[in-house]
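Engineer: Turn this into a model:
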Amino acid sequence: MNDSALRIVTYNVRYFGHMLRGLASTVGPKRRVAAALAALEPLPDIVCLQEVETSSLRSTIAHRPKQRGETQLSAFMDRMVETFTNQGREMPYEAFYFRAHHYKLGEVSLYTTGLAVLVNTRNLVVDQHNVAAPQHITHHHVQRLKDRKQSRICAHMRLLRRSDGRAFHIFNTHLSLPTPFAREFWATKDKMGGGINQLHEARKLAEFMRTHSGNEPYIVCGDFNSPPASAVFRFLTGEACLTCAQAAVGQIDPTASRGFPTAGFMHMRMHLDHMFSGGGVRWLDTRETCPFGDTHSRFHGLSDHMPIIASFALDEAPAASVPPPGEIILSPH
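Structural biologist: This is a model prediction of the structure:
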């Protein structure tokens, strides 16, 4: 990998509770996920996580927080620090949490949902983010169930490469499952990625990315609950003009929905996780990305999903690009 290349991971960690079928989070999975990420060589510059909690009954019943207010992400970052310290290395990541939904029964927090982004601050500078107000993209097919439906969001960050100040954008998301309340759901065999609600969310996502990325390179990744060749995948790689990382480097056939599973449930295998780009991102490789069920992967058994790990380069910036950090352009006015 050349010196200017960057590396990114997207991973649905299932609330760090896969060993207990997602019912509760424990210390062990956090430690094992931290160790697996720390073992990647070179280290990722960006890690996008889905299904990360803040703090709830589910996230604390089997793992009591050390202090009041400790979140699941902060507990995981403690394991990251622990892992790097044990290896005699400095932990380079800064973590950002994007809250999606909060389910409560009275005053008891049952469970929360959200996204996280870890940024390697050795190589990148965080210029902007929407932590305080993540973009809501949920499509509510049945309005009376609006408050019960899990909210879907898009996390956004504008990052600057330390070496030259080159700017690019990261979007992290998790689309809904196809709604069973639509007639189309029962009329088709392959339901994932064909839900009318999923297409609405994909369109909202594409519009949000166009608005906030401008003419700068961007990457969107996450759990799309949609396989290749599905309506959502075709929209994103067609009308939305995005490039699929795995297809770009020849790891998958974008017309085959079942060729490379990234998730599993019982005996089912599904390709639901993706990494797309637009506006000046060139994909280099997806080394260490393994299909679900590959027992040779260091991520095997840690979640009901497998991560996608990719390296990319940024095309040369146009003349009006963002200056390096610390450099100021004076307005002629």
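Engineer: and residue 269, how many neighbours does it have?
Structural biologist: 15 (other Cβ atoms under 10 Å). (Glycine included, C-beta is placed from N, CA and C.)
Engineer: which strand residues sit across from it in the sheet?
Structural biologist: residue 264 (DSSP bridges).
Engineer: Against residue 263, how distant is it?
Structural biologist: According to Cβ to Cβ, to the nearest Å, residue 269 stands 8 Å off from residue 263.
Engineer: Mutual contacts of those two, please.
Structural biologist: residue 292 (Cβ atoms under 8 Å, 6 or more residues apart in numbering).
Engineer: Residue 206: what secondary structure?
Structural biologist: Here residue 206 takes the helix state, with states given by DSSP: H, G, I helix; E, B strand; the rest coil.
Engineer: Pull stretch 197-207 out as PDB, backbone CA atoms only.
Structural biologist: C-alpha atoms of stretch 197-207 as PDB (Å, rounded to 0.1, in the frame of the first residue of the first chain):
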ATOM      1  CA  ASN A 197     -39.000   1.700   2.800                       C
ATOM      2  CA  GLN A 198     -35.400   0.700   2.100                       C
ATOM      3  CA  LEU A 199     -35.500   2.500  -1.300                       C
ATOM      4  CA  HIS A 200     -36.900   5.600   0.300                       C
ATOM      5  CA  GLU A 201     -34.000   5.500   2.900                       C
ATOM      6  CA  ALA A 202     -31.400   5.000   0.200                       C
ATOM      7  CA  ARG A 203     -32.700   8.000  -1.700                       C
ATOM      8  CA  LYS A 204     -32.600  10.100   1.500                       C
ATOM      9  CA  LEU A 205     -29.100   8.900   2.100                       C
ATOM     10  CA  ALA A 206     -28.000   9.800  -1.400                       C
ATOM     11  CA  GLU A 207     -29.500  13.300  -1.200                       C
END
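Engineer: Report the rounded mean pLDDT for that stretch.
Structural biologist: Mean pLDDT, computed over stretch 197-207, is 97.
Engineer: For that stretch, which residues meet the burial criterion?
Structural biologist: 197-206 (16 or more other Cβ atoms under 10 Å).
Engineer: Restricted to helices, list those.
Structural biologist: 197-206 (DSSP state H).
Engineer: and which of those residues is nearest residue 178?
Structural biologist: Nearest to residue 178 among these is residue 198, at 5.7 Å by Cβ to Cβ.
Engineer: Strands of the stretch 151-300 of the chain, start to end?
Structural biologist: Counting by DSSP state E, counting those that start in this stretch, the stretch 151-300 of the chain has these strands, from start to end: 153-161, 167-174, 218-223, 243-244, 263-265, 268-270, 273-278, 281-285.
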